[in-house]
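J.: The amino acid sequence is not available; the structure is as follows:
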(Lines give C-alpha, C1' and ligand atoms only; values in the text may rest on other atoms or scores of the structure.)
Protein backbone atom coordinates (compact mmCIF):
# COMPACT_ATOMS: atom_id res chain seq x y z
CA UNK A 1 0.00 0.00 0.00
CA UNK A 2 1.32 3.41 -1.00
CA UNK A 3 0.65 6.29 1.40
CA UNK A 4 -0.72 9.51 -0.03
CA UNK A 5 0.88 12.87 0.79
CA UNK A 6 -1.51 13.54 3.65
CA UNK A 7 -0.66 10.24 5.35
CA UNK A 8 3.06 10.88 4.95
CA UNK A 9 2.68 14.32 6.57
CA UNK A 10 0.72 12.80 9.45
CA UNK A 11 3.56 10.38 10.14
CA UNK A 12 6.19 13.11 9.95
CA UNK A 13 4.26 15.51 12.21
CA UNK A 14 4.00 12.95 15.00
CA UNK A 15 7.69 13.06 15.71
CA UNK A 16 8.39 16.77 15.46
CA UNK A 17 5.31 18.89 16.13
CA UNK A 18 5.65 18.87 19.92
CA UNK A 19 9.27 20.02 19.64
CA UNK A 20 8.27 22.80 17.24
CA UNK A 21 5.81 24.00 19.90
CA UNK A 22 8.47 23.83 22.62
CA UNK A 23 10.78 25.93 20.43
CA UNK A 24 8.04 28.51 19.81
CA UNK A 25 7.48 29.12 23.51
CA UNK A 26 11.15 28.98 24.45
CA UNK A 27 11.62 32.74 24.67
CA UNK A 28 8.12 33.94 25.57
CA UNK A 29 4.79 32.48 26.68
CA UNK A 30 2.25 32.20 23.87
CA UNK A 31 -1.53 32.01 23.78
CA UNK A 32 -2.88 28.83 22.19
CA UNK A 33 -4.33 30.68 19.21
CA UNK A 34 -0.96 32.39 18.60
CA UNK A 35 0.72 28.97 18.54
CA UNK A 36 -1.91 27.74 16.07
CA UNK A 37 -1.36 30.75 13.81
CA UNK A 38 2.42 30.36 13.83
CA UNK A 39 2.18 26.65 13.05
CA UNK A 40 -0.48 27.34 10.43
CA UNK A 41 1.87 29.72 8.63
CA UNK A 42 3.69 26.58 7.52
CA UNK A 43 1.04 24.60 5.69
CA UNK A 44 2.57 21.25 6.55
CA UNK A 45 2.94 21.57 10.34
CA UNK A 46 -0.63 21.85 11.63
CA UNK A 47 -3.53 19.91 10.19
CA UNK A 48 -6.16 21.68 12.31
CA UNK A 49 -6.54 23.55 15.59
CA UNK A 50 -8.40 20.51 16.85
CA UNK A 51 -5.13 18.58 16.97
CA UNK A 52 -3.22 21.36 18.75
CA UNK A 53 -5.07 21.59 22.05
CA UNK A 54 -4.88 17.88 22.92
CA UNK A 55 -1.15 18.06 22.15
CA UNK A 56 -0.74 21.09 24.43
CA UNK A 57 -2.63 19.25 27.17
CA UNK A 58 -0.32 16.25 26.78
CA UNK A 59 2.78 18.47 26.97
CA UNK A 60 1.36 19.97 30.15
CA UNK A 61 0.68 16.55 31.72
CA UNK A 62 4.24 15.52 30.85
CA UNK A 63 5.56 18.58 32.69
CA UNK A 64 7.14 20.11 29.58
CA UNK A 65 4.94 23.21 29.55
CA UNK A 66 3.03 25.15 32.17
CA UNK A 67 0.12 27.48 31.77
CA UNK A 68 -0.98 30.77 33.20
CA UNK A 69 -4.28 32.62 32.89
CA UNK A 70 -4.12 36.20 31.64
CA UNK A 71 -7.12 38.53 31.61
CA UNK A 72 -8.34 39.52 28.18
CA UNK A 73 -10.00 42.82 27.35
CA UNK A 74 -12.05 41.08 24.67
CA UNK A 75 -13.46 37.99 26.33
CA UNK A 76 -12.58 35.27 28.80
CA UNK A 77 -9.08 34.90 30.29
CA UNK A 78 -6.49 33.46 27.93
CA UNK A 79 -4.31 30.48 28.71
CA UNK A 80 -0.66 31.13 27.93
CA UNK A 81 1.86 28.31 27.56
CA UNK A 82 5.48 28.57 28.68
CA UNK A 83 8.40 26.17 28.85
CA UNK A 84 9.35 24.40 32.07
CA UNK A 85 12.90 23.33 32.95
CA UNK A 86 11.98 19.81 31.77
CA UNK A 87 10.68 21.29 28.53
CA UNK A 88 13.95 23.14 28.00
CA UNK A 89 15.86 19.89 28.54
CA UNK A 90 13.61 18.02 26.11
CA UNK A 91 14.08 20.75 23.49
CA UNK A 92 17.87 20.71 23.96
CA UNK A 93 17.91 16.94 23.50
CA UNK A 94 15.81 17.20 20.34
CA UNK A 95 18.02 19.92 18.90
CA UNK A 96 21.18 17.94 19.58
CA UNK A 97 19.85 14.97 17.60
CA UNK A 98 17.84 16.77 14.90
CA UNK A 99 20.74 17.97 12.76
CA UNK A 100 22.32 14.52 12.44
CA UNK A 101 18.92 12.92 11.82
CA UNK A 102 18.00 15.47 9.13
CA UNK A 103 21.37 15.01 7.44
CA UNK A 104 20.96 11.24 7.42
CA UNK A 105 17.46 11.48 5.90
CA UNK A 106 18.67 13.97 3.28
CA UNK A 107 21.53 11.64 2.42
CA UNK A 108 19.23 8.62 2.14
CA UNK A 109 16.84 10.58 -0.10
CA UNK A 110 19.69 11.33 -2.51
CA UNK A 111 20.77 7.72 -2.80
CA UNK A 112 23.19 7.74 0.10
CA UNK A 113 25.36 10.52 -1.28
CA UNK A 114 26.64 12.86 1.44
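T.: Nice, thanks for sending it over. Predicted model only: the values in this text are computed from it and were never measured.
J.: quick one: which helix or strand includes residue 78?
T.: Using DSSP states H and E, residue 78 sits within strand 75-83.
J.: in its sheet, what does that strand sit against?
T.: In the sheet, strand 75-83 lines up against strand 30-31 (antiparallel), strand 65-72 (antiparallel) (DSSP bridges).
J.: Could you list the buried residues of the longest one?
T.: For strand 65-72, a neighbour-count test (16 or more other Cβ atoms under 10 Å) marks 65, 66, 67 as buried. Where C-beta positions appear, they are placed from N, C-alpha and C, glycine not excepted.
J.: What is the distance between it and the centre of its chain?
T.: 18 Å (Cα atoms, centre = their mean, to the nearest Å).
J.: residues contacting residue 82?
T.: By Cβ atoms under 8 Å, 6 or more residues apart in numbering, the contact set of residue 82 is 25, 28, 29, 65, 66, 67, 68.
J.: Between those residues, which sits nearest residue 37?
T.: Distance to residue 37 across the contacts of residue 82 (Cβ to Cβ) is lowest for residue 25, with 13.5 Å.
J.: shouldn't that closest one be in contact with residue 64?
T.: No - assessed by Cβ atoms under 8 Å, residue 25 is found out of contact with residue 64, at 9.8 Å.
J.: Which neighbours do these two have in common?
T.: Shared contacts of residue 25 and residue 64 (Cβ under 8 Å, 6+ apart): 83, 87.
J.: Now do residue 48 against residue 35, distance only.
T.: With distances taken as Cβ to Cβ, to the nearest Å, residue 48 is found 13 Å from residue 35.
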